[in-house]
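Asker: can't give you the sequence, but here's the structure:
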């Protein structure tokens with residue numbers, strides 16, 4: 001079994017100041033009866049203790065949120081966006097502080113924590129600049145031009161339940177909450193307990209910047225305790241997490257006909273075409289597969305390499321993977337950090353061990369690294385993976401990628417689409433036009449050409465989400481804000497009613513209307 005020469009970079013000794021933890025914990029909706037201790041994934045030692053929310057705490061949070069939302073929604077959009085316009089500058093000035101928080105609660109490398117910082121900063125600024133235009137009343141064409149006036153209005157849903165995952169807690173909390181708040185909603189936000197500090201940090205900052213207390217409230221606890229009241233009281237549910245969790249939420253809200261958006265799992269393919277730049281593609285593949293130790297719903301877990309380039313690409317990719325720096329330092333030296341949960345380490349180990357037992361070949365990695373930290377696992381590259389192995393079709397959500405050789409485009413498209421998931425894909429080629437043609441055939445909500453995931457995800461003007469069992473609805477773009485609204489059409493009729501005027505009979509009126517249709521078509525009025 002091949003083993004990479006992975007180099008560990010300095011241990012993290014830092015902790016978070018107690019006064020900071022106490023201030024952040026004060027924003028949790030809780031009576032304080034129960035608490036949870038958050039361990040640092042780098043070391044396993046306690047990082048913080050936070051209060052847990054009870055079911056009754058959640059219900060009371062909704063009561064406060066409804067009261068706060070009514071006043072918040074009455075404000076002009078230009079007022080609602082002000083805290084978020086101020087946020088960008090302050091985030092830049094205080095980025096070292098939030099990067100420390102993200103790293104210490106998730107275990108990720110600082111360069112990957114930086115992606116979260118960029119996402120919150122740029123996404124919230126995108127919506128702050130555009131919310132007023134997206135939400136303003138719009139004139140729509142009426143039935144009878146000049147006689148029917150139509151307006152489209154946008155109203156907030158009310159109180160949104162937003163359930164954020166542990167892998168990107170800062171980005172997938174704040175960057176989704178920002179448009180929901182700008183649309184005039186209040187939010188009851190449930191982050192994962194392990195990674196709640198970064199969300200509390202930005203909430204604390206926004207309150208300092210003018211966000212009214214009560215419009216964004218945080219509840220912390222296990223789904224078995226607070227999940228039902230969280231979902232049952234919501235006017236809209238936004239969830240990012242597993243496909244299994246998304247299906248459970250859809251079933252829960254269906255009887256009330258409450259709308260929802262779900263970004264779920266993926267088993268994302270990367271296609272290396274025969275004309276790909278080997279060096280650029282190999283370096284891009286490292287980032288595509290091992291960002292945040294593979295704990296990224298849009299990271300690459302299946303790589304299809306054309307037979308003409310396979311023997312040149314694979315050795316270079318494996319060489320780069322074996323040279324990756326793993327570490328716990330609060331600096332930018334480490335190329336990959338830790339897994340976040342023990343259960344994730346167990347899942348990755350189980351997938352790899354089973355694949356190897358059944359004939360897969362380890363080209364790099366393949367084992368845990370407790371010498372670096374309790375939850376570290378080497379970046380792993382496997383070949384000879386087949387359909388009998390759990391790793392082949394099921395999401396691993398860790399630093400593992402399987403390599404496959406292919407012969408032609410029809411074959412690779414079929415293999416890329418042979419999955420119940422459809423979240424993200426990646427195509428590498430020197431010919432972007434050819435790459436776009438191939439991308440259009442892949443059943444995935446986003447497809448990146450000559451990039452793993454960031455080009456599409458960070459294009460905030462374009463919607464992002466999954467096909468098939470990878471989700472329902474979209475974040476980003478106009479849809480990322482308008483999904484948090486109820487649309488209303490208001491139409492007024494002028495001068496004449498929609499019935500025969502005066503003494504004209506219905507037969508004559510029908511002839512006039514029919515002739516009018518032809519005339520409007522000819523004049524391109526309709």
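Answerer: Ah, there it is. On a predicted model such as this, the values are computed, not experimentally measured, just so you know.
Asker: so who does residue 201 touch?
Answerer: Residue 201 makes contact with 24, 97-98, 101, 170 under the criterion Cβ atoms under 8 Å, 6 or more residues apart in numbering. Glycine gets a C-beta too; all of them are placed from N, C-alpha and C.
Asker: Closest one to residue 517 out of those, please.
Answerer: Within those, the smallest distance to residue 517 is 55.0 Å, found for residue 170 (Cβ to Cβ).
Asker: which regions of this structure lie under the pLDDT threshold?
Answerer: Under the criterion pLDDT under 70, the flagged ranges of the chain are 1-14.
Asker: residue nearest the centroid of it?
Answerer: Compute the mean C-alpha point of the chain, and by Cα atoms, centre = their mean the closest residue is residue 172, 5.2 Å away.
Asker: which element is that residue on?
Answerer: Assigned by DSSP states H and E, residue 172 belongs to helix 171-182.
Asker: Mind giving me the packing neighbours of that helix?
Answerer: Other elements packing on helix 171-182 under the criterion 3 or more Cβ pairs under 8 Å, 6 or more residues apart in numbering; DSSP states H and E are helix 77-80, helix 82-93, helix 110-135, strand 159-163, strand 186-190, helix 197-208, strand 236-240, helix 477-482.
Asker: residues in contact with that helix?
Answerer: Under the contact criterion Cβ under 8 Å, 6+ apart, helix 171-182 has outside partners 72, 77, 80-81, 84, 115-116, 119-120, 123-124, 127-128, 131, 135, 160, 162, 164-165, 187, 189, 191, 198-199, 202, 211, 215-216, 238, 240, 475, 480-481, 484.
Asker: now the angle between helix 82-93 and it, please.
Answerer: Note on geometry: by axes from the mean of the first three to the mean of the last three Cα atoms, to 10 degrees, helix 171-182 and helix 82-93 are set 150 degrees apart in direction.
Asker: ok, back up a step: now, the contacts of residue 201 that are in helices?
Answerer: In helices, judged by DSSP state H, the following of the contacts of residue 201 are found: 24, 97-98, 101.
Asker: Now, of those residues, which are buried?
Answerer: Applying a neighbour-count criterion of 16 or more other Cβ atoms under 10 Å, the buried members of those are 24, 98, 101.
Asker: returning to what we had before: distance to residue 352 added to the contacts of residue 201, as a markdown table?
Answerer: Compiled in a markdown table, those are given as follows (distance: Cβ to Cβ, whole Å):
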| residue | distance to residue 352 |
| --- | --- |
| 24 | 36 |
| 97 | 36 |
| 98 | 33 |
| 101 | 31 |
| 170 | 29 |
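Asker: So which of the residues you listed is the closest to residue 347?
Answerer: Each of the contacts of residue 201 was checked against residue 347 using Cβ to Cβ; the closest is residue 170, at 23.3 Å.
Asker: didn't that closest one look like it was pressed against residue 100?
Answerer: No: using Cβ atoms under 8 Å, residue 170 makes no contact with residue 100, being 11.8 Å away.
Asker: Neighbour count for these two, which is higher?
Answerer: Set side by side, residue 170 and residue 100 show more neighbours around residue 170, with 27 against 20, by other Cβ atoms under 10 Å.
Asker: OK, contacts around that one?
Answerer: Residue 170 makes contact with 98, 101-102, 113, 116-117, 119-120, 198-199, 201-202 under the criterion Cβ under 8 Å, 6+ apart.
Asker: Quick check: it vs residue 319, distance?
Answerer: Taking Cβ to Cβ, to the nearest Å as the criterion, residue 170 is separated from residue 319 by 33 Å.
Asker: Residue 270 belongs to a helix?
Answerer: No: residue state for residue 270 (DSSP: H, G, I helix; E, B strand; the rest coil) corresponds to strand; a helix is not indicated.
Asker: Bridge partners for it, pull those for me.
Answerer: Beta-bridge partners for residue 270, by DSSP bridges, are residue 303, residue 426.
Asker: Hmm, residue 435 and it touching each other?
Answerer: No: proximity of residue 270 to residue 435 does not meet the contact threshold set by Cβ under 8 Å, at 12.0 Å.
Asker: Neighbour count for those two, which is higher?
Answerer: Set side by side, residue 270 and residue 435 show unequal neighbour counts under other Cβ under 10 Å, the larger going to residue 270 at 27 against 22.
Asker: would residue 326 count as being in a helix?
Answerer: No: under three-state DSSP, residue 326 falls outside any helix and is assigned strand.
Asker: hang on, isn't it packed against residue 376?
Answerer: Yes: taking Cβ under 8 Å as the definition, residue 326 is a contact partner of residue 376 at 6.0 Å.
Asker: overlap in contacts of these two?
Answerer: Each of residue 369 lies in contact with both residue 326 and residue 376 under the rule Cβ under 8 Å, 6+ apart.
Asker: of all the helices and strands packed on helix 171-182, which lies closest to residue 17?
Answerer: Comparison of the helices and strands packed on helix 171-182 against residue 17 by Cβ to Cβ identifies helix 197-208 as nearest, at 11.8 Å.
Asker: Between helix 171-182 and that closest one, find me the angle.
Answerer: Helix 197-208 and helix 171-182 meet at an angle of 30 degrees, taking the same axes, to 10 degrees as the criterion.
Asker: Find the residue closest to residue 266 in space, skipping its chain neighbours.
Answerer: For residue 266, ignoring the flanking residues on the chain, the nearest one in space by Cβ to Cβ, 6 or more residues apart in numbering is residue 423 at 3.2 Å.
Asker: With residue 192 instead?
Answerer: Leaving aside its sequence neighbours, residue 192 sits nearest to residue 166 (Cβ to Cβ, 6+ apart; 3.6 Å).
Asker: Check the secondary structure at that neighbour for me.
Answerer: coil.
Asker: Make sure it is actually in contact with residue 196.
Answerer: No: contact status for residue 166 versus residue 196: not in contact, 9.2 Å apart, counting by Cβ under 8 Å.
Asker: Counting neighbours around each, name which of the two comes out higher.
Answerer: Neighbours per residue, other Cβ under 10 Å: of residue 166 and residue 196, the larger number sits with residue 196, 28 against 19.
Asker: Residue 305 is in what secondary structure piece?
Answerer: Assigned by DSSP H and E, residue 305 belongs to strand 300-306.
Asker: Summarise which helices and strands the helix or strand that that strand is followed by is packed against.
Answerer: Taking DSSP H and E as the definition, the helix or strand that follows strand 300-306 towards the C-terminus is helix 307-322. In terms of contacts (3+ Cβ pairs under 8 Å, 6+ apart), helix 307-322 is packed against helix 278-290, strand 361-364, strand 380-383, strand 400-406.
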